[in-house]
Every structure is written in structure tokens, then in C-alpha cells.
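Chemist: Here is a sequence together with a model predicted from it:
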Protein chains: 2
Amino acid sequence: MDLIDVFKALSNKTRLNILQWLKDPEKHFPKQGAHLPKEVSYKGGVCVGDIQEKSQASQSTVSHYLNMMQKAGLLESVRYGQWTYYRRNEEFIRQVAEYLRTEI
Amino acid sequence: MDLIDVFKALSNKTRLNILQWLKDPEKHFPKQGAHLPKEVSYKGGVCVGDIQEKSQASQSTVSHYLNMMQKAGLLESVRYGQWTYYRRNEEFIRQVAEYLRTEI
DNA sequence: ATTATATATCGTTATTTTTCGATATGTCAA
DNA sequence: TTGACATATCGAAAAATAACGATATATAAT
């Protein structure tokens, strides 16, 4: 776990928002899931386009953010056809919190 | 609590090191405390010069780092004469960890 | 008062990050 | 197989951060 990359990924309002939105996708992306049955899409996360729309940043910026967060370990992604769904890596986030609590 | 500033302050190896060194000053700054009685200096934290020496960054950089971490809330400082002692703000750090665990 | 020491601040340059538009790639539908 | 759409990647410009030496400020010692 490269903590520096994790904290860098968290050092941005939009990225922090995305992470928190993904905590409750039904709430923050109510109209998503047109592409796939609800069970699948919510379990799989939220697609880039929906996140981009909500975040008000450009498509390339959001794609870059998501990739950065995934590399840091905070997110994971699944591809369904032409869509990439991003969701939180809860276990990793838990570990970061625990590390911060005990080692920092 | 401005989380962004907290995470920015944590996004640097040297600053992270400093925070961890200050968790156990006796261990990481064994020869410090020449200026003041041990009880006082350890309770009050570690002076800038000792931190600077250990961190191998320039004096101005370390001073800047410490100020940044203090502004973020992670550190607090006390001045004894010409020395400024920095120590961890444990309560704040605990709150950050708790916030990360539950809200992020 | 002068000098020495510790820390803070200033000004500058180098580096990194941010952010975007343009373009490439990959997938689906007609 | 062509066209439409979703996402990723590229390249560049702007903005922010990092890091230093020089200098200022504050305190202490002579």
C-alpha cells in the first residue's frame, strides 16, 4: 500500500466527492442503470459517464481521476461491454483508516 | 476540519515521517532536550532544529512543513524562548482517522 | 549594545498536478 | 462494415506545490 498515493488521491474535492457518492450509489446516481439490470449495475458500481455528469468535470479529467484512485487502491473497476463501472474497494479503504488510526 | 488540507499535508514522505517520529520522540530524538528539562521538552514536543536534522531537508523547508501540518491541524506548537516545540495533536489525528473510517 | 542562535518568512526556480480538447481504442447496433 | 457511443490515452497549457538560499525576526548570552 503506497500511502502517499492514497493521500494524494484523497487531496482533491472532486475525487473525495466521488468516493463518497459511491458509498451510496442509489442515492447519488438515482437515474443510473439504464444500461444494465439494477442488481448488476449497482453491485458493479457506477459507470464513468454518470460520475462525469455529476462531477461537472470533463470526461478526460474524470477518467483520469478514476484511474488514479484505482491505482491508489481506493477503487476497483469492472467492464460490462462498452461501460466501465467503478466501485469502492471497501476492504482497502478500511485498511487505510485502520492504518491511519494505529500507525500514523 | 478541512480534510483536503489534512490529506495534502499527509501526501509527502518527509511530512509523514515527521508525524510518525513525533509519535515516540524519546525513540527518534534521543539526544534532544538539551535546551530544557526532559519532562518539559518531551511533553512540549520536539524543536524545529532536531526535526530538521533528522529529516535531512533544509531549515526553511522543515519550518514550512511544520507550519503546514499545524495549519492542517495535525500538529500544535509551543514556544519556549527561542525554540519552537512541535508535537502531535492526538485528538485531531484521532478524529481524522475516525472520519475516514465512517464518512469516507 | 553586540553577537550568536533558532525559527520564520521571502523570493525564486524547478517540479508536479490539474485540466482540458483532441484523438485513439473498444464495443455495440443497424 | 459503418456509424454511434463509452471510455482511455495523449499532448499541452495553466496552476499549484516543493524546495532552496537569503534574509528577517525574535530571543538569549556576553
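Modeler: Perfect, thanks for sending it. Numbering: from 1, shown residues only, chains lettered A, B, ... in the order given.
Chemist: Dump the C-alpha coordinates for stretch A:68-76 into PDB.
Modeler: Output of stretch A:68-76 as PDB, limited to C-alpha atoms (Å, rounded to 0.1, in the frame of the first residue of the first chain):
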ATOM      1  CA  MET A  68      -5.700   7.500 -10.300                       C
ATOM      2  CA  MET A  69      -8.000   6.400  -7.500                       C
ATOM      3  CA  GLN A  70      -7.900   2.800  -8.700                       C
ATOM      4  CA  LYS A  71      -4.200   2.800  -8.900                       C
ATOM      5  CA  ALA A  72      -4.000   4.100  -5.400                       C
ATOM      6  CA  GLY A  73      -6.300   1.200  -4.400                       C
ATOM      7  CA  LEU A  74      -9.400   3.100  -3.400                       C
ATOM      8  CA  LEU A  75     -11.500   1.900  -6.300                       C
ATOM      9  CA  GLU A  76     -11.900  -1.100  -8.500                       C
END
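Chemist: For that stretch, buried residues please.
Modeler: Buried residues in stretch A:68-76, counted by 16 or more other CB atoms under 10 Å in any protein chain shown: A:68, A:69, A:70, A:72, A:73, A:74, A:75, A:76. (Each C-beta comes from the backbone N, C-alpha and C, glycine too.)
Chemist: Pick out whichever of those residues sits closest to DNA strand D.
Modeler: residue A:70 (8.4 Å; CB to the nearest atom of the strand).
Chemist: contacting residues for the residue nearest to that closest one when sequence neighbours are not counted?
Modeler: Using CB to CB, 6 or more residues apart in numbering or on different chains and skipping the chain neighbours, the partner closest in space to residue A:70 is residue A:77 (5.9 Å). By CB atoms under 8 Å, 6 or more residues apart in numbering or on different chains, the contact set of residue A:77 is A:45, A:66, A:70, A:84, A:85, A:86, A:87.
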